[in-house]
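Asker: Generate a structure from the sequence data that follows.
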Amino acid sequence: MTTLLAGDIGGTKTLLALYQLQAGGELELLRSERYLSADWDDLAPMLDSFLGVGQPSPAAACLAVAGPVEAGQAQLTNLHWQLDGSQLAAATGIGRFELVNDFAVLIYGLPHLTPQQQAPIRPGVARPEAPLLVLGAGTGLGVAYGVPTPTGLVAVASEAAHAEFAPRSQQEWELKQWLARERGLERVSIERVVSGTGLGEVARWLLHIRHPGGDHPLFPLAEGLELPAAVAASAALGESLACEALEIWIGCYGSVCGDLALAGLSRGGVWLAGGTAGKLLETLRSPTFNRAFLNKGRLKPVLASMPITAVVDPAIGQFSAACRARMLVA
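Answerer: You can find the predicted model right below:
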């Protein structure tokens, strides 16, 4: 029996899973566990606990990590762990062991999604020989490209979310200037606006200019982590300020999506992942998102043919890591 280890390792939680590779190449989930990352001093003892002492080692492993990966090593962004793929391979006895950025790894799962794991946003025709783009607004904004090769897609990690946020209107310019002052920033990156956190920042800005006296129901949440979810929930009920915040935010998201699709000529398709994808499907399908995505002057026809699809499976990171581990034994 060929087994594969897959993991999605973050600063808050770590998901570990064992899959069995079927004769036809299908993946069968055998078991999975959720760990609180901060409860462990390092990843190695967690892997020992999950795999069990004296058990046969999996044939391959792929672990998606929340941080940049270079030369098989990774420092997690929000955790003190310093990971070394070679050391972890030796400790676990797994011969084929790979660390991949947690957003870049999604590239390996996209070709294998079931209909239940995805939802269409806008139609188009994907070219299988062309690069594809995956981006997603969660706590931050993840970006990665996939490049087709004779042996399958190769993931190209990106830090495009930390490029400069480019306002398209006087309103967005004022938002950017306010955000720089409020947060003491020398520059405002895309991620400061186009992310789940960014939705909260847009709402905070509107609250301060529309309701400086703090007389709005959302104001008590203005400095908390609950604000983005509260804005989305209030917008769904038709509350005017929340609707305005979501409208501004979704326009920014669509524009950035179009910019990044052009940067990679992503005729293979555009995929939206992250925590907001499954929760805001109808907002992503709105004319505001679509207009902003296409509004690129003479290059509009290039974007018009690109399909956009949302990834709605919350376990996509673990699944994609398993897909990559399968590639390591092919």
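
Asker: what's the distance between the helix or strand hosting E247 and the middle of its chain?
Answerer: Here E247, judged by DSSP states H and E, is contained in helix 240-263. How far helix 240-263 lies from its chain's middle: 16 Å, per Cα atoms, centre = their mean, to the nearest Å.

Asker: ok, and for it, which residues are buried?
Answerer: Residues of helix 240-263 classed as buried by neighbour count (16 or more other Cβ atoms under 10 Å): 241-242, 244-246, 248-261. (C-beta placed from N, C-alpha, C; glycine too.)

Asker: Packing partners of that helix?
Answerer: Helix 240-263 sits against strand 132-137, helix 170-183, helix 196-210, helix 227-236, strand 270-273, helix 281-284, helix 287-294, helix 300-304, with contacts defined as 3 or more Cβ pairs under 8 Å, 6 or more residues apart in numbering; DSSP states H and E.

Asker: looking at those, which is buried most?
Answerer: Stretch with highest mean neighbour count among those: strand 132-137 (a mean of 28; mean count of other Cβ atoms under 10 Å).

Asker: can you give me the angle that strand makes with helix 240-263?
Answerer: If you take axes from the mean of the first three to the mean of the last three Cα atoms, to 10 degrees, strand 132-137 sits at 160 degrees to helix 240-263.

Asker: Figure out how far strand 132-137 is from the centre of its chain.
Answerer: That offset, for strand 132-137, works out to 7 Å (Cα atoms, centre = their mean).

Asker: tell me the mean pLDDT for that strand?
Answerer: Strand 132-137 comes out with an average pLDDT of 94.

Asker: Check stretch 192-208 too.
Answerer: Averaged over stretch 192-208, pLDDT sits at 95.

Asker: Give me the residues contacting it.
Answerer: Contacts to stretch 192-208, defined as Cβ atoms under 8 Å, 6 or more residues apart in numbering, come from residues 137-141, 161, 165, 175-176, 178-179, 182-183, 185, 191, 216, 218-219, 222-223, 225, 227-228, 231-232, 241-242, 244-246, 248-249, 252-253, 256, 274-276.

Asker: Just the pLDDT at T12, thanks.
Answerer: 82.

Asker: Which residue is the nearest non-sequential neighbour of it?
Answerer: Once flanking residues are discounted, T12 sits nearest to S37: 6.2 Å by Cβ to Cβ, 6 or more residues apart in numbering.

Asker: close enough to count as contact, the one you found and L15?
Answerer: No: counting by Cβ atoms under 8 Å, S37 does not reach L15; the two are 10.2 Å apart.

Asker: okay, and the common contacts of the two?
Answerer: Common neighbours of S37 and L15 (Cβ under 8 Å, 6+ apart) are I9.

Asker: can you pull the contacts of the residue nearest to G258 when sequence neighbours are not counted?
Answerer: Nearest residue to G258, sequence neighbours excluded (Cβ to Cβ, 6+ apart): F293, at 4.2 Å. By Cβ under 8 Å, 6+ apart, the residues touching F293 are R122, G254, S255, C257, G258, A261, L303, I308.

Asker: Then P111?
Answerer: G152, L153.

Asker: ok, the residue lying closest to T2 once chain neighbours are set aside - how many residues close by?
Answerer: In space, and not counting its chain neighbours, T2 is closest to L21: 4.2 Å by Cβ to Cβ, 6+ apart. As a burial measure, L21 scores 21 neighbours (other Cβ atoms under 10 Å).

Asker: what's near enough to touch L21?
Answerer: T2, T3, L4, L27, A59, R326, V329.

Asker: Can you flag which of these belong to helices?
Answerer: Counting by DSSP state H, the contacts of L21 place R326 in helices.

Asker: neighbour-wise, which of the contacts of L21 leads?
Answerer: Among those, L4 has the most neighbours (other Cβ under 10 Å), with 26 neighbours.

Asker: Just to check, that one is in contact with A322?
Answerer: Yes: at 5.8 Å, L4 and A322 qualify as touching, with contact defined as Cβ under 8 Å.

Asker: shared neighbours, the two?
Answerer: With Cβ under 8 Å, 6+ apart, L4 and A322 have common neighbours Y19, L27, C62.

Asker: What strand or helix carries the last one?
Answerer: Secondary structure assignment for C62, by DSSP H and E: strand 60-65.

Asker: Show me how far stretch 318-326 is from its chain's centre.
Answerer: Chain-centre distance of stretch 318-326: 16 Å, with Cα atoms, centre = their mean.

Asker: I would like the residues contacting that stretch, please.
Answerer: Residues outside stretch 318-326 that contact it (Cβ under 8 Å, 6+ apart): 4-8, 15, 17, 19, 21, 25, 27, 32, 58, 60-64, 96, 98, 100, 105-110, 112, 117, 313.
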